[in-house]
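Asks: sequence? don't have it. structure:
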């Protein structure tokens, strides 16, 4: 009876780990796919999709053609840097999400094993 009580408590703990692991995995996955925009930016970047879609096609072409070559290079490099930062952050979030999911699945498997043992 004391051994069964310990196993019952262990099953409850493992079930909590499953729920928490799934919740953490879900939240970090959502943070990975949901975009974040910073509307406080005042400088238009000709290579940022948010800025591009705020202009008509004719306005975009005109703005691009009127922009000095060095400014275009700076804008491209700024976008490469920004995208690299975003991709790195997303990579770590996906990794964290998958780790939480793996822990939840392993805990769920242990719950199944212990439930069969006490069944």
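Replies: Perfect, I can see it now. Note that the structure is predicted; figures quoted are calculated from it, not measured.

Asks: any regions of this structure where pLDDT drops low?
Replies: 1, 3, 37-41, 119 (pLDDT under 70).

Asks: identify the residue nearest the geometric centre of it.
Replies: Central residue of the chain (Cα atoms, centre = their mean): residue 32, 1.7 Å from the mean position.

Asks: list the contacts for that residue?
Replies: 90, 93-94, 97 (Cβ atoms under 8 Å, 6 or more residues apart in numbering). The way it works is simple: take the backbone N, C-alpha and C, and place the C-beta from them, glycine included.

Asks: and residue 112, how many neighbours?
Replies: Residue 112 sits with 12 neighbouring residues when counted by other Cβ atoms under 10 Å.

Asks: same question, residue 8
Replies: Neighbourhood size, residue 8 [other Cβ under 10 Å]: 13.

Asks: same check on the one 5 residues further on?
Replies: For residue 13, the tally of surrounding residues (other Cβ under 10 Å) stands at 13.

Asks: what are the boundaries of the helices in the protein?
Replies: Along the chain, counting by DSSP state H, helices occupy 2-33, 49-53, 57-66, 69-118.
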